[in-house]
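Student: Pasted the sequence and its predicted model underneath.
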Number of protein chains: 2
Amino acid sequence: MMQTPLNLTSFIRRAEQFFPEKLIISRTAADTIHRIPYREFAKRTRKLADALTKLGMQHGTKVATFGWNHHRHLEAYFGVPCTGAVLHMVNIRLSPEHIAYVINHAEDEILLVDDNLFPHLEKLAPLLKTVKHYIIMGDSKEVPETSLPNVHAYETLLDDASDTFEFPEDLDENTPAGMCYTSATTGNPKGVVYTHRGIVLHSYALGLADAMGLNERDVVMPVVPMFHVNAWGLPFAAVFFGSTQVLPGPGIIPDLLLDLIEQEKVTLTAGVPTIWLAVLKAQDANPRNLSSLRAIVCGGSASPKGLIRAFEERYQVPFIIGYGMTETSPLVSLSVLTSGMDDLSMDDRIDIRALQGLVMPGLDVKIVNENGEVPWDGKTMGELAVRGPWIADEYYKDERTSEAFRDGWLYTGDIAVMTEFGYLKLTDRTKDLIKSGGEWISSVDLENALMSHDAVFEAAVIAVPHEKWQERPLGCVVLADGQEANEAMKTELLEYMEGQFAKWWVPDDIIFMEEIPKTSVGKFLKAALRKQLVETK
Amino acid sequence: MMQTPLNLTSFIRRAEQFFPEKLIISRTAADTIHRIPYREFAKRTRKLADALTKLGMQHGTKVATFGWNHHRHLEAYFGVPCTGAVLHMVNIRLSPEHIAYVINHAEDEILLVDDNLFPHLEKLAPLLKTVKHYIIMGDSKEVPETSLPNVHAYETLLDDASDTFEFPEDLDENTPAGMCYTSATTGNPKGVVYTHRGIVLHSYALGLADAMGLNERDVVMPVVPMFHVNAWGLPFAAVFFGSTQVLPGPGIIPDLLLDLIEQEKVTLTAGVPTIWLAVLKAQDANPRNLSSLRAIVCGGSASPKGLIRAFEERYQVPFIIGYGMTETSPLVSLSVLTSGMDDLSMDDRIDIRALQGLVMPGLDVKIVNENGEVPWDGKTMGELAVRGPWIADEYYKDERTSEAFRDGWLYTGDIAVMTEFGYLKLTDRTKDLIKSGGEWISSVDLENALMSHDAVFEAAVIAVPHEKWQERPLGCVVLADGQEANEAMKTELLEYMEGQFAKWWVPDDIIFMEEIPKTSVGKFLKAALRKQLVETK
């Protein structure tokens, strides 16, 4: 067989040859929507590569982006790696110190930044040791007033560049293409490098009928930010398959997302649970026509069943849970319904939708506890380990590599069980697991149960130290609008739990809060919660 | 990213871990149907590998099969390559001389043969120079009376083998996995070697929503024989995705295929046009319930539009044309309908279905004539060249490699045009193209027009020498049942053609025949037709 490399230059070729008139619909500001056909996108991508090359970008150069989801960011997704350089998508929600750390650690030489984020970055610029050029991604061809040297306007650079820049067809498939950093529990973020091969294979997986089935007919709107695990790989795959893309621009505004779904007839969208909770509220208040949607994909943390039920029952939109992490490109599994599940009741189907689902073709998984690999029996818990061609094998120049990558496997830090037929169910993070009297209690199961109660908006369950049992669960609850935090409510919730779990699983207490602290990508920050509630006790 | 190899051992692991109870439904004789769950299939495959290893199979050993589509053949599809050995699927329809040639040329050491084909092969055995063991694939544990040494019964070998045989997980992805030989116009068949990497990537392509969308819910019946280009890769991909498989066993019997579709609720099936013409006749005579079918895939040669229309209109079954060849694993393109085609009339859709369609994600194509690459304008003809990770790069130990493989491309010998939006249309084989007065006439276009006439069952158009115009087209027509071959019919067909083509394209004459000679895989043998009609004139 030919040794044709799996690389992103073939994606650009395919889009311009086969889908020249399909659209990228890009919102760059409150009232500005661009409609750019792939033919034009490919030309602009070639221009960007030419412009960056003139600024000194070479094979292996790290180029950073600091921006939302829009067509210029997409052009960087291809214009940088297709030359052999590496795109570092900086998470704009990191702390200023961490932003400086990741840019310095990756040794980014060129930085593309959204016009509306530039003031934020400008303040950090003195901390950045390697950046030689700043490029402002915005509709204006003018550069804002700044004391920084080498600041360019994206559109002006493109005006001066050639749209016939040629990408090397034979770019080795193991060439690094992209980088994202993932937050660590302690210390600095850890870098993950994506290769062309990994992204190409991950894109094939996204197109499988058994996965997201991304295809030419789709109008896909990645709500998950392009600075977060490649927007789950959707922008790459959409170019490959010629799908129409809707990139919703700065901020994540529920009403705007609903308007875009209705107006652009979005068929597939993806984001974290907190987004969909907010979108659901906005939709309930002012219903839009969602009939174009064939699926909402939700991942990043556990989804309340009420959320799944609301979309599936009230709006007839399949709500599919995905599981993955920065280290896994990210797609590991999806809660697709397999043929054996056709006769299930709606309730049972929603129970299944809430699981992490079927592992993608091409990946291997195992569940490991202190005694080794555990059976797939739907009940034995252990840490989930993953292996495959789109799974990272190290943290970039980081001594913490050996904590997660061992014997050719990525140890995810997630506690899981596998059903007999290979359906994945996460029960906890290793660090959030509650160890009570020598047994394990899944904080996630308890949270899901709490969140299935109508009075509850959000809930987290954490371990608190206990003299006799080592640890005991404590429920932290944010009530739904209009619900009152009082003893009666506490009793009701505890009794509600008692009906569902063994007595020793039920939390000893429930406390009510205004808000549960979250990470920059919307995950519960249980470490902070523990600190706040336990250590200050 | 991890350097996890793309190999078939991961397919077996996936099937046994995730789809242990999904079925392989295998017909091994007139009235014998086996229902084997993947759990059992995986065990039997490990046993086969163990048994063959005991017989001397090593990394790189060539093991031949000589059989129809059934579960034992499928076990060989995995049991051989997953150890690092190479499976050579011998085309049982080759001439005896060519069968001996390919087995000797590949240097096959072990030969698995269907019980009902053994007498045929036994006669050839004296010609086979490298075969050390014969294994009879049949339900009986007894070996038939034979003078050959080292003849074993498949089931007896399995009885004595271990079902815990371990396949190497780290098998290099570029290891050869399979071989097929393709007929040459002159001389011996030419060998194509498939690697694990090529088969894995081809399998991903088969699963794409934009291609066949093969998935866990499918019940797939490959009618195309397993000795013909890996049954188009379907048996491999079905194991990967956990699809139910229906393997229809010895012979290709239209009524039997229809019964299987109805009884087993087949969702997807694939084969050559001559099969579907025969199946259509049988269905018209005795209609079965085909409502489970979501698509019939048809390839290998041009399909009459009447055939497509009959299935699409009369039976509401999407009829999808595929294009490929032994050298391309085989999937190059499929006539899927893209989003721009939604508003077309049924007639226009059928016109599109009859084309070769959208090129698979991951492949590059170009159309080349004597002046170099031609534009994609829907009219400029040239030879189709293909490149990609599941395209062969040589003929196995064959000097004819340089005829087809040049500059990193496979030159297919097919004349094609590309539409502006990358839809592929074959117009001829290079050797069948009619060159009249310095212009090219597509024999395929003329054939399709003839075959769209109700009175025509099959038609081939060939070039006959002409003093003034060098060549002129001649129509060779097999009439439908009940139609009479006479001058009136000839006039009617010629007038029918005149309405559709420029005057100089219309054949000078039409002759009526009982049958059009075909290759072992159902393609028109135009060389034979020319010889018969022209050279004997």
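Tutor: Perfect, I can see it now.
Student: so how far is stretch A:128-146 from its chain's centroid?
Tutor: Taking CA atoms, centre = their mean, to the nearest Å, one finds stretch A:128-146 lying 27 Å from the centre of the chain it belongs to.
Student: What's the mean pLDDT across it?
Tutor: For stretch A:128-146, the mean per-residue pLDDT is 96.
Student: tell me which residues in it are buried?
Tutor: For stretch A:128-146, burial by neighbour count (16 or more other CB atoms under 10 Å in any protein chain shown) applies to A:128, A:131, A:133-138, A:143. Backbone N, C-alpha and C define where each C-beta goes, glycine included.
Student: Tell me which residues are up against that stretch.
Tutor: A:28-29, A:32, A:55-56, A:62, A:64-65, A:67, A:70, A:72-73, A:100, A:103-104, A:107-116, A:118, A:121-122, A:125, A:148, A:150-157, A:159 (CB atoms under 8 Å, 6 or more residues apart in numbering or on different chains).
Student: That stretch: end-to-end distance?
Tutor: Distance between the two ends of stretch A:128-146: 16 Å, counting by CA to CA, to the nearest Å.
Student: Check stretch A:322-337 too.
Tutor: 12 Å.
Student: and it, how far from the chain's centre?
Tutor: The answer for stretch A:322-337 is 9 Å, by CA atoms, centre = their mean.
Student: got the contact list for residue A:426?
Tutor: A:302, A:323, A:356, A:384, A:414-416, A:444.
Student: How about residue A:5?
Tutor: A:170-173, A:196-197.
Student: Any residues of the stretch 251-400 of chain A in contact with chain B? List them.
Tutor: Residues of the stretch 251-400 of chain A lying close to chain B by CB under 8 Å from any CB of the partner chain are A:329, A:338-340, A:358-359, A:361-362, A:364, A:376, A:387-393.
Student: related to what we said a few turns ago, chain B: which of the contacts of residue A:5 is nearest?
Tutor: Using CB to the nearest CB, residue A:197 is the member of the contacts of residue A:5 that lies nearest chain B, at 6.6 Å.
Student: In this structure the closest one contacts residue A:10, no?
Tutor: No. In terms of CB atoms under 8 Å, residue A:197 does not count as a neighbour of residue A:10; the distance is 11.7 Å.
Student: Report the separation between the residue sitting furthest away from the middle of chain A and residue A:508.
Tutor: Going by CA atoms, centre = their mean, the residue of chain A most distant from its centre is residue A:468, 39.6 Å out. According to CB to CB, to the nearest Å, residue A:468 and residue A:508 sit 11 Å apart.
Student: Please apply the same query to residue A:59.
Tutor: In terms of CB to CB, residue A:59 sits 59 Å off from residue A:508.
Student: related to what we said a few turns ago, pLDDT score for the residue farthest from the centre of chain A?
Tutor: For residue A:468, pLDDT reads 85.
Student: Residues of the stretch 1-150 of chain A that sit close to chain B?
Tutor: Contact residues (CB under 8 Å from any CB) of the stretch 1-150 of chain A with chain B: A:1-4, A:6, A:10, A:13-14, A:17-22.
Student: For the stretch 301-450 of chain A, give the residue positioned nearest to chain B.
Tutor: Closest point on the stretch 301-450 of chain A to chain B, by CB to the nearest CB, is residue A:422, at 3.7 Å.
Student: Need the phi and psi values for that residue.
Tutor: Dihedral pair for residue A:422: phi 70, psi 30, per degrees, to the nearest 10.
Student: got the contact list for it?
Tutor: By CB under 8 Å, 6+ apart, the neighbours of residue A:422 are A:358-359, A:376, B:17-19.
Student: about what we covered before: buried members of the residues of the stretch 251-400 of chain A next to chain B into PyMOL, please.
Tutor: Burial among those is assessed by 16+ other CB under 10 Å; the matching PyMOL selection reads:
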select buried, chain A and resi 329+338+358+359+361+362+364+376+387+388+389+390+391+392+393
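Student: mind listing which of the residues of the stretch 251-400 of chain A next to chain B are in strands?
Tutor: Using DSSP state E, the subset of those located in strands is A:358-359, A:364, A:387.
Student: secondary structure class for residue A:500?
Tutor: Secondary structure for residue A:500, judged by DSSP: H, G, I helix; E, B strand; the rest coil, is coil.
Student: Can you give me the pLDDT of it?
Tutor: Looking at residue A:500, its pLDDT is 87.
Student: Which secondary structure state does residue A:93 sit in?
Tutor: Under three-state DSSP, residue A:93 comes out as coil.
Student: isn't residue A:90 right up against residue A:66?
Tutor: Yes. The criterion here is CB under 8 Å, and residue A:90 meets it with residue A:66 at 4.9 Å.
Student: Between these two, which contacts overlap?
Tutor: Listed as contacting both residue A:90 and residue A:66 by CB under 8 Å, 6+ apart are A:99, A:227.
Student: so how far is stretch A:299-310 from its chain's centroid?
Tutor: Using CA atoms, centre = their mean, the offset of stretch A:299-310 from its chain centre is 15 Å.
Student: Do me a favour and get the end-to-end distance for it?
Tutor: 17 Å.
Student: before we move on, what about stretch A:501-515?
Tutor: 26 Å.
Student: So for that stretch, what gets flagged as buried?
Tutor: Buried residues in stretch A:501-515, counted by 16+ other CB under 10 Å: A:501, A:505-507, A:510, A:512-513.
Student: For stretch A:95-103, the averaged confidence score.
Tutor: 95.
Student: cool, stretch A:384-391 as well?
Tutor: The model assigns stretch A:384-391 a mean pLDDT of 98.
Student: show me the contacts for residue A:403.
Tutor: residue A:411.
Student: mind redoing it with 10 Å?
Tutor: The contact partners of residue A:403, taken as CB atoms under 10 Å, 6 or more residues apart in numbering or on different chains, are A:184, A:190, A:395, A:411, A:413.
Student: Same question for residue A:286.
Tutor: A:254-255, A:258-259 are the contacts of residue A:286 under CB under 10 Å, 6+ apart.
Student: same deal with residue A:391?
Tutor: Residue A:391 neighbours (CB under 10 Å, 6+ apart): A:192, A:198, A:202, A:324-325, A:327-330, A:332, A:362-364, A:385, A:405, A:408-410, A:412, B:1-2, B:4.
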